[in-house]
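[1] Quick one: sequence and predicted model below, then my questions.
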Amino acid sequence: MTGAVWWRGMADGSNRSAAAFALKLLLAPFALLYGTALCIRALLYQAGILATHRLPCPVISVGNLTVGGTGKTPVTILLARELQHRGCRVAVLSRGYGGSLEGQVAVVSDGESLLLGPGQAGDEPCLLARSVAGLIVVIGSDRYQAGLTVLERFRPDVLLLDDGFQHIRLYRDLNILLLDAARPFGNGWTVPLGLLREPRTALKRADLALFTRCHGTEMLPPLTLPTSRSYHRLASFQLLVTGNAVSLEQLQQGRVAAFAGIAEPSAFFEALRQIGIEPVATLSLPDHEPYHAAGLQQLEALVASAEPDWLITTEKDGIKLQGGGYAWSSRLVTARLEVQLEDRELLARALDKLFQIGPE
């Protein structure tokens, strides 16, 4: 078990060992200080002492309250397509985490061409740009400055703020919060003791919440804001090299190894099992990390030991491996993840209200 996995078990409450309890006692003061600082920061913004900047364009934020993955990218893709269906020209503002240009304002996609690769812009912005035709994607740690750049160059009708719940500096017209159904608040503490990026009092900033990765049987905590369950599913499979479709039956009947460099690799492996794909071996890799020599060596070892007919990974990992020409590239399959909302009308009503086309 790696240190990161051990810590996550402590932070989400599943690790109840004596060592985890001892570490909790050590980290509790730091978590209290961090959580208090964040509460003070939020109050300063609320009081207007820290300035919130507003762009002359509707802004919709998609974010979460915990560290790690909650399925933001599929929800952002769903939202972008829904807005395009309504006739909107859509742009996404992302931080560009993991890319060499992280922190700088840079155009990843102008809606026609992909201008930067994952090594420069990060994997998630490139995945967004490739997944939604016509989508403008810009990175920048200062989302307000990135938004000004987008408005000046592309004049979009609406901006999507990817992973923006904590970026209070930029005003948003619709604040969508994602909560992992399996562990919405982890163990209830902020980092470093728990998974929370900020205390649960931040829930009041959200306009609606989506519980992600639902299976239909979870006991979800009651919230005072509109909520819906959402379901993630692996919708299709493609060979990375050719883009040709691979059927579910082929994968179910073949010998499969799976790997993922995302926040929650275990969730990806479990999703495969739920549709009848049982990997003979799996490999978890760090999130947002490029595939350098060490990671590729681990993949080579996985292929050598498992001898799979198919090697399956996520679309986000496929973005980073595109054009690599590895010995196993012809067997590499990427899985496309999609999200379905239990209450689609919840999102429709929120967008109707935002654009003032709904009933009074």
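    Nice, I can see it.
[2] Grab the nearest non-local neighbour of residue 354.
    In space, residue 354 comes closest to residue 174 once its chain neighbours are excluded; the distance is 5.3 Å by CB to CB, 6 or more residues apart in numbering. Quick note: C-beta positions are derived from backbone N, CA and C, even for glycine.
[3] hmm, I was thinking of residue 288
    Closest to residue 288 by CB to CB, 6+ apart is residue 98, at 3.3 Å.
[4] just checking, that neighbour is part of a helix?
    No - assessed with DSSP: H, G, I helix; E, B strand; the rest coil, residue 98 is coil; it does not lie in a helix.
[5] For it, give me its contacts.
    Counting by CB atoms under 8 Å, 6 or more residues apart in numbering, residue 98 touches 118, 122, 123, 287, 288, 289, 290.
[6] Please work out how many residues are found near residue 201.
    12 (other CB atoms under 10 Å).
[7] If you could redo that for residue 325, that was the one I meant.
    7.
[8] Now do the domain split for this structure, please.
    59-225, 233-338 (automatic domain parsing).
[9] Listing request: residues of the chain with sub-threshold pLDDT.
    For the chain, the stretches with pLDDT under 70 are 1-4, 357-360.
[10] Please name the residues that touch the residue nearest in space to the middle of it.
    Closest to where the C-alpha atoms of the chain average out (CA atoms, centre = their mean) is residue 72, at 3.3 Å. With contact set as CB under 8 Å, 6+ apart, residue 72 has these partners: 62, 63, 64, 162, 163, 178.
[11] so which strand or helix has residue 220?
    Per DSSP states H and E, residue 220 falls between elements, in no helix or strand.
[12] surely it meets residue 183?
    No - Residue 220 lies out of contact with residue 183 (CB atoms under 8 Å); the separation is 11.3 Å.
[13] Neighbour count: those two, which is higher?
    Between residue 220 and residue 183, counting by other CB under 10 Å, residue 183 is the more crowded of the two (19 against 13).
[14] That one - nearest residue in space that isn't next to it in sequence?
    residue 12 (4.6 Å).
[15] What residues does the one you found make contact with?
    183, 186, 187, 194, 195.
[16] now do residue 313
    Residue 313 touches 258, 259, 260, 321, 332, 333, 334, 335, counting by CB under 8 Å, 6+ apart.
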